[in-house]
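Novice: any chance you could fold what I've pasted below:
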Amino acid sequence: MATHLAAVATGKDQPFEIQDRQTRMPGPGELLIGVKSIALNSIDYKCRDTGFAVASFPAVMGSDVGGVVLKAGTNVPSTFKPGTRVSAFAPAFFQRCAPDYGAFQQKVIIPARNVTPIPDTISFNEAATMPMAVVTTWSGWWTIGLPRNTAFSPSDKQGMLVWGGSSSVGSMVVQSAKLLGFTVYATASAKNHEYVKSLGADRVFDHKDPSVEQSMIDAAKGDGLTFQYGYDAVGALQSCQNILKELKGSGPAHLASATPLMPGSPTTDGIDTKFVVASLEEEEQAEQFSFWMNVWLKEKLEKNEIVPSPKIQVVEGGLHGINKGLAILKAGVSCTKLVIEI
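Specialist: Predicted coordinates for the structure are as follows:
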């Protein structure tokens, strides 16, 4: 049987080891993807270090893939014929890091609903930056009840608060919110303001400014905006809640949190704060991913209405570089997506 190389977690809080794995053929609704690029996410080192979302070891982690379809299982759309260049969300988290489904390997099994073809203008590295960001963005909209067909115009004066606009998720949230018709207020370090504006933010504020909350409130009132929705991409719940409380108008405001809500997390009257998560009901989740990846991302890339973001930093070493890359990520990066080339 054919084999391929994988970065395997052999136990909790252990570095990945490069091992040979048997290459499984795709089943119904699945694709075998030849991995060309992998983007790293914070959940990757959390799973490795703590065993979070790991059913058992050995395990293979990772979610973000740019690659090529090698083989399609039955009941797969003809869109995904062998040779198709794709951006794909490997379902490691949802499969409890079962080895066949993690991105950290040369070949990976991914449901076709989690995959979108990419134009020739998109590189494999760029393709790898998008899946987790798209899934997390749209999981947030679903979690807080924002309809897919939302289509405001500037005259509606509907604002969207995005805290962490230069982060991987935040940069996609900014683009998505703008496409839904919101006037987007985002935060970022001062050095990243122009970049976040280039993604569609109407105003960008320095999150390190002690008066940032009041500055955003004053600007929004001056612009005549109402903020009924917000997205906290990096973990600034109290600031987000304070701003939304002042700007929500009548009725509640809804805040999506990309970081888990813990006992003692701040709460504010009139602000419905929820942790971002896709549906856990199998059929509904399948429909969600199909829309997010097969429809929305495909259409937006074809129309050049979104761009891969944020900026890419390649970590050398291929699969051998994943441990180093996760150490860099754990130490902290700004407006940067770390990518491994296979």
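Novice: which element is His254 on?
Specialist: If you go by DSSP states H and E, His254 is part of strand 253-257.
Novice: ok, residues contacting that strand?
Specialist: Identification of contacts with strand 253-257 by Cβ atoms under 8 Å, 6 or more residues apart in numbering yields 140-141, 143-146, 227-232, 235, 237, 240-241, 244-245, 247, 270-276. Heads up, the C-betas are built off the backbone N, CA and C, glycines and all.
Novice: you'd agree Ile312 is up against Phe124?
Specialist: No: checked against Cβ atoms under 8 Å, the pair Ile312 and Phe124 is beyond contact range at 10.7 Å.
Novice: run a quick neighbour tally on the nearest residue to Phe291 once chain neighbours are set aside.
Specialist: The shortest distance from Phe291 to any non-neighbouring residue, by Cβ to Cβ, 6 or more residues apart in numbering, is to Arg148 (7.1 Å). As a burial measure, Arg148 scores 14 neighbours (other Cβ atoms under 10 Å).
Novice: show the pLDDT at the spatially most central residue of the chain.
Specialist: Central residue of the chain (Cα atoms, centre = their mean): Ala133, 1.7 Å from the mean position. Looking at Ala133, its pLDDT reads 98.
Novice: how about it: what's its closest non-neighbour residue?
Specialist: Met172 (3.8 Å).
Novice: likewise for Thr226?
Specialist: Distance criterion Cβ to Cβ, 6+ apart; nearest residue to Thr226, sequence neighbours excluded, is Gly249 at 4.4 Å.
Novice: ditto for Gly140
Specialist: Distance criterion Cβ to Cβ, 6+ apart; nearest residue to Gly140, sequence neighbours excluded, is Ala256 at 3.6 Å.
Novice: again with Ala220
Specialist: Leu247 is the one closest to Ala220 (Cβ to Cβ, 6+ apart), at 5.2 Å.
Novice: hang on, the earlier thing: what's the offset of whichever strand or helix holds the residue nearest to the centre of the chain from the middle of its chain?
Specialist: Per DSSP H and E: Ala133 is located in helix 131-143. Distance of helix 131-143 from its chain centroid, counting by Cα atoms, centre = their mean, to the nearest Å, is 6 Å.
Novice: what packs against it?
Specialist: Where contact means 3 or more Cβ pairs under 8 Å, 6 or more residues apart in numbering; DSSP states H and E, helix 131-143 is packed against strand 64-72, strand 85-89, helix 168-179, strand 253-257, helix 282-289.
Novice: quick one, which of the contacts of strand 253-257 are buried?
Specialist: Among these, those classed as buried by 16 or more other Cβ atoms under 10 Å are 140-141, 143-144, 146, 227-232, 237, 240-241, 244, 247, 271, 273, 276.
Novice: OK, contacts around the nearest residue to Val314 once chain neighbours are set aside?
Specialist: Residue nearest to Val314 in three dimensions, not counting chain neighbours: Val339, with 5.4 Å by Cβ to Cβ, 6+ apart. Residues near Val339 by Cβ under 8 Å, 6+ apart: Ser37, Ile38, Ala39, Leu40, Asn125, Ala128, Thr129, Ile312, Gln313, Val314, Val315.
Novice: so which of those residues sit within helices?
Specialist: Counting by DSSP state H, the part of these found in helices is Asn125, Ala128.
Novice: any idea of the pLDDT on the nearest residue to Leu199 once chain neighbours are set aside?
Specialist: Closest residue in space to Leu199, ignoring its immediate chain neighbours: Val174 at 4.8 Å, by Cβ to Cβ, 6+ apart. Here, the pLDDT recorded for Val174 equals 98.
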